[in-house]
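**Student:** Let me see the structure of the following:
(2 chains)
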Amino acid sequence: MMNYFPDEVLEHVFDFITCHKDRNSVSLVCKSWHRIERYSRRRVFIGNCYSISPERLIARFPGVKSLTLKGKPHFADFNLVPYDWGGFVYPWIKVLAETGIGLEELRLKRMVVSDESLELISKTFVNFQSLVLVSCDGFSADGLAAIAANCRFLRELDLQENEVDDHRGHWLSCFPESCTSLVSLNFACLKGEVNLGALERLVSRSPNLKSLRLNRSVPLDTLQKLLMRAPQLVDLGIGSYVHDPSSEASNKLKHAIQRCKSIMSLSGFLEVAPRCMSAIYPICGNLTTLNLSYAPGIHGNKLTKLIQHCRKLQRLWILDCIGDKGLGVVASTCKELQELRVFPSDPFGAGNDAVTEEGLVLVSAGCPKLNSLLYFCQQMTNAALITVAKNCPNFIRFRLCILDPVRPDPVTNQPLDEGFGAIVQSCKRLKRLSLSGLLTDQVFLYIGMYAEQLEMLSIAFAADSDKGMLYVLNGCKKLRKLEIRDCPFGNAALLEDVGKYETMRSLWMSSCEVTLGGCKTVAEMMPSLNVEIINESDQTEFNLDDGQKVDKMYLYRTLVGHRKDAPESVWILGDLTRSEHHEPSLNDMIQDMKLKNVSGDDDFIIWESNNFKLQGNFSVYGYNPFIFFFHPVVGLGVVASSCKELQELRVFPSAVFGAGNDVVTEEGLIRR
Amino acid sequence: MTFEKDINIDATELRLGLPGTSEESERQASTTLRISNKRALPSVADEKQCDQETAPPTKAQVVGWPPIRSYRKNNLQTKKTEVETSGMYVKVSMDGAPYLRKVDLKIYKGYPEVLKALEDMFKFKVGKYSEREGYNGSEFVPTYEDKDGDWMLVGDVPWEMFVNSCKRLRIMKGSEARGLGCVV
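**Tutor:** Below is the predicted model:
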């Protein structure tokens, strides 16, 4: 029946389907739907930039206009991933530019964005409108200047929590006078000064500006002027908020704020004098989002008084200096609350002001619509979690972080298995869960049994044995991302069901019990996975034994094989082990290598092997010396993959025999 | 239940040492408890039984724990010092003045503001500041005592650094000021 509809009709119908998952499902119905869907797809989401290539993206979706890319694994946020691990956006931009894609929107998370990339974007895509960078790095204000100067129809420039190298403020002045299209401007994460005059003029000529988030350098008098020029703002991020409440400046500010009747989201207060908060009260009644998580200066009475004005709050991000009592105020005031995040104001100390299970229980009792939680606390009890589970069965995201990672229930001294068990049993829609505290295998049994919708699970310092991981892998059918650190999960758990990993986006395991041999086995069995070993220790000390425990492993499914941009500290397993013949293990090869200096002549090194089973005869020297002159490591890779009967390998140093870059080492053999 | 006992004893027995050290490789054979792979943390149980008033010992910092984005950690730490000192009042003395004053350095955003405030307070004028010559054109020179106890010329270091290291201010006069590069 559907075949009788012309394509245009179906396309029109598909226009109403915007969710990625739904569009993916649509494309699986039949060939013609697949074809129509792919030509009409405008927005593409790629959760792991190494799972697919830009060429294949464009081949399938030639009409793509909006691209979302994510790079580094989540644990990169916590310094567990080397800074040069990867996630470069430039190759994507280059290919998109070369193939004439009319890119309009780019959203990147945890990617390395060079100034070059930003310049290329700004000069290539004439209709480019929206750039959103979250937790990215690699760029400076120069790149921003290029975006500002060249993107004539820019609507959105949203920089969230990025590490920006250079903070010269001239980029704001680069918006031409003709640029009047801005809807959203967020530069709160920049540390440097900006040209205040340019900022004022920019805001003045942007009648559509709805969202403005300033950085610390923007002083109060500028804020007041900006608000006077943009009373239509819906989302405001205040930079510096220090003033004398009795001063003229403060009065002017109060007046300006009161005119902004549309503000529903407030954040920032990167610098704040708490006695000035009363100026904000007039707009608090409309707020649905309030983020004070960067404002430790607001606490105690000032904080609770502020919150008491915010009766419509749906999303609250706060520091733990609010205390349990303060959370009680939230519970009695914010009846519409859906999302609560409580961050530690002092991550390393005990934090006298920190929150406990009491605060969470109060909020759960007072805010029945609560569905998303991130809660850093001193302690948690099973009883509290059970109560929370009863009060709030609607959790979609539940992330609990007890600051001391192996803390049991302080009242009963029991692990927190039962508490988390209650959460997963009660919250049938739970998609994301982070655990902490003292936990045994039991909690994972509960998770496997009850957490049917779970997509992302973060585990740290938990479990007693492989069983824990197995419960999860067997039970959670919708699991997409699993990240584990410091748990006693080893090869038995890792290898139980390697096919499962193809149904997931990624698996991270660090400081667990998995070994090099186990990881290699996964790589051998599953060519559709990239299995990466991250080893930041001194290379020469790393024992290449299969029995060696792996410090960090990150594996992910991919359609495009091994990436070529990995740094030295990242090894991608599987190159040498892909063959029906018995291949010697890496360990075998190294054991067999004997380093000999045969003639006493320092100019060359001969490596001999007795047990190589690699095939083919290959004598490298004299035939293609350039491999070794310039790319000795690559050269050996070529050798290894093609020379299966290799018995003798002579490696001659390049003419410029320095201390090391051109010298072939074991690493070359291992990597390849 | 030995299981429970193991939890209570071994779970709180946390030791120093990197994974892969010889102590731990011995342990691996014997136990499957998670401790073998743990990084060091001081025993929680002991801490909490202590007097609640005493400050807790500094914990050995586990990499990546607590799981807070580095961006957030970096931005919050600087602000912690702001919170602890509500107002940063330092004494200001002026040569020849009968009594001292106090100013709150926190309310100023930079040198020009604080110097203006001092000028108003003591009814004097500082000269123009230059890196080479200090305050040119006045017999008054603003100086401060830093954390090391040295007397420094106001204006040489970045503002934030000045605010964090300034213990007291002194408006020096005339001949005494010469040593600091002031040209009268």
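
**Student:** can you pull out the helices in chain B?
**Tutor:** B:2-10, B:22-30, B:44-49, B:70-84, B:111-122, B:159-165 (DSSP state H).

**Student:** can you check the stretch 251-400 of chain A too?
**Tutor:** For the stretch 251-400 of chain A, the helices defined by DSSP state H, counting those that start in this stretch cover A:281-284, A:300-308, A:323-333, A:357-366, A:382-391.

**Student:** what angle separates the third one from helix A:357-366?
**Tutor:** Read it as helix A:323-333. 0 degrees (axes from the mean of the first three to the mean of the last three C-alpha atoms, to 10 degrees).

**Student:** between helix A:323-333 and helix A:300-308, what angle do the directions make?
**Tutor:** 20 degrees.

**Student:** which element is the nearest residue to residue A:40 once chain neighbours are set aside on?
**Tutor:** Leaving aside its sequence neighbours, residue A:40 sits nearest to residue A:11 (C-beta to C-beta, 6 or more residues apart in numbering or on different chains; 4.8 Å). From N, CA and C alone the C-beta is placed, and that goes for glycine too. In this structure, residue A:11 sits in helix A:7-15 according to DSSP states H and E.

**Student:** Pull the number of nearby residues for residue 152.
**Tutor:** Assuming you mean chain A. With neighbours defined by other C-beta atoms under 10 Å in any protein chain shown, the count for residue A:152 comes to 14.

**Student:** that's the other chain; I wanted chain B
**Tutor:** 16.

**Student:** go on, residue A:225?
**Tutor:** 18.

**Student:** before we move on, what about residue A:200?
**Tutor:** Residues contacting residue A:200 under the criterion other C-beta under 10 Å number 15.

**Student:** just checking, the residue nearest to residue A:40 touches residue A:35?
**Tutor:** No - using C-beta atoms under 8 Å, residue A:11 is not in contact with residue A:35, being 10.5 Å away.

**Student:** Mind pulling up the pLDDT for residue A:516?
**Tutor:** You'll see residue A:516 listed with a pLDDT of 94.

**Student:** What separation do you get for it and chain B?
**Tutor:** 12 Å (C-beta to the nearest C-beta, to the nearest Å).

**Student:** where does the stretch 351-500 of chain A dip in pLDDT?
**Tutor:** Residues of the stretch 351-500 of chain A that meet the criterion pLDDT under 70 lie in A:351-353.

**Student:** Write out the residues of it neighbouring chain B.
**Tutor:** A:376, A:401, A:403-408, A:410, A:413, A:415, A:434, A:438, A:440, A:458, A:460-465, A:485-488 (C-beta under 8 Å from any C-beta of the partner chain).

**Student:** Buried among the residues you listed? Make that a ChimeraX selection.
**Tutor:** Restricted to buried positions by 16 or more other C-beta atoms under 10 Å in any protein chain shown, the ChimeraX selection for these reads:
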select /A:376,401,403,404,405,406,407,408,410,415,434,438,440,458,460,461,462,463,464,465,485,486,487,488
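
**Student:** Just the residues of the stretch 351-500 of chain A next to chain B: which are in strands?
**Tutor:** Judged by DSSP state E, strands contain the following of those: A:376, A:401, A:434, A:458, A:460, A:485.

**Student:** Show me where chain A dips below the pLDDT cut-off.
**Tutor:** For chain A, the ranges with pLDDT under 70 are A:1-3, A:166-169, A:347-353, A:538-543, A:575-672.

**Student:** center of it - which residue?
**Tutor:** Per C-alpha atoms, centre = their mean, the C-alpha nearest to the average position across chain A is that of residue A:74, at 4.3 Å.

**Student:** on that earlier part again, mind putting the helices of the stretch 251-400 of chain A into CSV with distance to residue A:152 and mean neighbour count?
**Tutor:** Output for the helices of the stretch 251-400 of chain A, formatted as CSV (distance: least, C-beta to C-beta, whole Å; neighbours: other C-beta atoms under 10 Å in any protein chain shown):
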stretch, distance to residue A:152, mean neighbour count
helix A:281-284, 33, 18
helix A:300-308, 41, 18
helix A:323-333, 44, 20
helix A:357-366, 47, 22
helix A:382-391, 51, 20
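
**Student:** Make JSON lines out of those and add distance to residue A:172.
**Tutor:** Shown next, in JSON lines, are the helices of the stretch 251-400 of chain A (distance: least, C-beta to C-beta, whole Å):
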{"stretch": "helix A:281-284", "distance to residue A:172": "26"}
{"stretch": "helix A:300-308", "distance to residue A:172": "30"}
{"stretch": "helix A:323-333", "distance to residue A:172": "36"}
{"stretch": "helix A:357-366", "distance to residue A:172": "40"}
{"stretch": "helix A:382-391", "distance to residue A:172": "45"}
